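Enquirer: structure for this input, please:
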Amino acid sequence: MKPIKKDRFSIVFNQDGYLELVDFIKNNDFNKILILTDDNTKENCLDIFLSSITAANPEVSNLIISKLFYYSVKPGENSKNIDTSIEVWKFLIEKGFKRLDLIINLGGGMITDLGGFVASTFMRGIKFINVPTTLLGMVDASIGGKTGIDFREIKNIIGVFGFAKIVLVDFRFLATLNKRQKTAGYAEMIKHILISKTPELNKIKKVDYMEDISHKMIYQSIITKISIIDVDPLESDIRKFLNYGHTLGHAIESYLLSTDRELLHGEAIAIGIILETYLSYLKTGLDYDIVNDVKKHINTYFDIIKFSVTDISEVINLLKYDKKNSDEKPKFILLEKLGKPLVNQIVFEKEIRDAFKFYID
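Expert: Next up, the predicted model:
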């Protein structure tokens, strides 16, 4: 699979990607390298990663392995916080890491968000590499330079832009995922298709099982995101398109965080996509048949979550923390038509409640 080379970063794939990774580490002559994992990726992915480095270059791998340190955190969104960041910073200090050392984030979106944030803030920034092990991480979270942590149960409210020098996508890690994790990643692929300049809604409607998602589809989803952030890396304009489904999706995720109804990121975004597609019908005249198609397709894979009137009020209240806001009014990304997102759209509370009614019915 052809690598994607940009000024700020490279995205490389499979065994050829390990060759590039080994060369990068060799050429930079790092003294220390931290591999950050959660307990799941430590158990299921770390050996695959280390053996792949050895296969890429046995001689250099011995040098790399002699420099490695390991730190693992508990899996789940609850680890993506300031307390965990402090513990990793303390570990880096205790082990003598310096500005010219390296962090490798091996895991899903939580690990690449957390590890990227830790790396970008430690000594004002040290180099890091992302090796996403989930579908969501491969198509979205590990790419594009957004790092961050949750604070006071508000999603990604603390963070900085910091680009991984290399993102290494190894499709073998998909075999370590359960059905729920794969489905959560699919939500971001749906988003990319809806906002793409060449939207292919009919293609995703043909996906009957998660096994139907090909490596080619994943690669194209990555290309869609790259084509946007290459033009607007720091989200001053069209990068906001990538927030489609996320204004309400993040609020829902934050509201349910640390409850017995907690959702994976992609599960919350799937709801947000339905809600914001309906809002697009109300506000920009998006074809109602498209709205129904999107809802039907998403509900094929994702359970419908019930929201009470109180729940909806709490979700709406959380919109004031959305990072796209320039005042107290939340700004939405809505679709005028497939492949044509509009930024900074104002939506009223009644319309949001109507969207929830459409979702639940």
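Enquirer: could you pull out the strands for this protein?
Expert: All strands of the chain, identified by DSSP state E, fall at 4-5, 10-13, 33-38, 68-73, 102-107, 127-132, 146-151, 154-161, 166-169, 331-337, 340-346.
Enquirer: the third one pairs with which strands, parallel or anti?
Expert: Sheet pairing for strand 33-38, assigned by DSSP bridges, gives strand 68-73 (parallel), strand 102-107 (parallel).
Enquirer: now that strand: buried residues?
Expert: Residues of strand 33-38 classed as buried under the neighbour-count rule (16 or more other Cβ atoms under 10 Å) are 33-38. The C-beta positions use only the backbone N, C-alpha and C, and glycine is treated the same way.
Enquirer: so how far is that strand from its chain's centroid?
Expert: 18 Å (Cα atoms, centre = their mean, to the nearest Å).
Enquirer: same check, this time on stretch 144-153
Expert: How far stretch 144-153 lies from its chain's middle: 10 Å, per Cα atoms, centre = their mean.
Enquirer: okay, Asp327 and Leu319: tell me how far apart.
Expert: Plainly put, Asp327 is 12 Å away from Leu319 if you go by Cβ to Cβ, to the nearest Å.
Enquirer: neighbour count winner among these two?
Expert: Leu319 (21 against 7; other Cβ atoms under 10 Å).
Enquirer: pull the contacting residues for the more buried one.
Expert: Applying Cβ atoms under 8 Å, 6 or more residues apart in numbering to Leu319 gives the contacts 247-248, 251, 325, 330.
Enquirer: look at it and report its pLDDT.
Expert: Here, the pLDDT recorded for Leu319 equals 95.
Enquirer: Val160 reaches Phe122, doesn't it?
Expert: No: Val160 is beyond contact range of Phe122, at 11.4 Å (criterion: Cβ atoms under 8 Å).
Enquirer: between these two, which is the more surrounded one?
Expert: Taking neighbours as other Cβ under 10 Å, Val160 and Phe122 compare with Phe122 leading, 21 against 13.
Enquirer: hmm, that one is touching Phe97, no?
Expert: Yes: using Cβ under 8 Å, Phe122 is in contact with Phe97, at 7.3 Å.
Enquirer: need the overlap of contacts for these two.
Expert: The overlap between the contact sets of Phe122 and Phe97 (Cβ under 8 Å, 6+ apart) is empty.
Enquirer: any idea how far Lys165 is from Asn27?
Expert: Distance of Asn27 to Lys165, computed by Cβ to Cβ: 11 Å.
Enquirer: more crowded one of these two?
Expert: Neighbours per residue (other Cβ under 10 Å) separate Asn27 from Lys165, with Lys165 holding more: 15 against 8.
Enquirer: is the more buried one in contact with Phe24, as I believe?
Expert: Yes: contact between Lys165 and Phe24 holds when scored by Cβ under 8 Å: they sit 6.8 Å apart.
Enquirer: give me the common contacts of the two.
Expert: Joint contacts of Lys165 and Phe24 (Cβ under 8 Å, 6+ apart) are Ile129.
Enquirer: with adjacent residues omitted, what lies nearest to Asp287?
Expert: Lys337 (7.1 Å; Cβ to Cβ, 6 or more residues apart in numbering).
Enquirer: now do Arg180
Expert: Leaving aside its sequence neighbours, Arg180 sits nearest to Leu264 (Cβ to Cβ, 6+ apart; 6.8 Å).
Enquirer: closest one of the buried residues of strand 33-38 to Tyr278?
Expert: Using Cβ to Cβ, the shortest approach to Tyr278 within those belongs to Asp38, at 34.9 Å.
Enquirer: sorry, back to before: okay if I get the strands of the chain as CSV plus mean pLDDT?
Expert: Output for those, formatted as CSV (pLDDT from 0 to 100):
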stretch, mean pLDDT
strand 4-5, 96
strand 10-13, 98
strand 33-38, 98
strand 68-73, 98
strand 102-107, 98
strand 127-132, 98
strand 146-151, 97
strand 154-161, 95
strand 166-169, 98
strand 331-337, 96
strand 340-346, 96
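Enquirer: what is the neighbour count of Ser258?
Expert: Per other Cβ under 10 Å, the neighbour tally for Ser258 reads 11.
Enquirer: I'd say it and Ser79 touch.
Expert: No: Ser258 lies out of contact with Ser79 (Cβ under 8 Å); the separation is 11.7 Å.
Enquirer: for the residue lying farthest from the centre of the chain, report the pLDDT, please.
Expert: Distance from the centre of the chain peaks at Glu59, with 34.0 Å (Cα atoms, centre = their mean). pLDDT, Glu59: 87.
Enquirer: any idea how far it lies from Val131?
Expert: The gap separating Glu59 from Val131 is 21 Å, by Cβ to Cβ.
Enquirer: please apply the same query to Gly145.
Expert: In this view, Gly145 and Val131 are 16 Å apart by Cβ to Cβ.
Enquirer: related to what we said a few turns ago, adding distance to Ile190, write the strands of the chain out as CSV.
Expert: Shown next, in CSV, are these (distance: least, Cβ to Cβ, whole Å):
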stretch, distance to Ile190
strand 4-5, 21
strand 10-13, 21
strand 33-38, 25
strand 68-73, 29
strand 102-107, 23
strand 127-132, 18
strand 146-151, 19
strand 154-161, 19
strand 166-169, 19
strand 331-337, 12
strand 340-346, 14
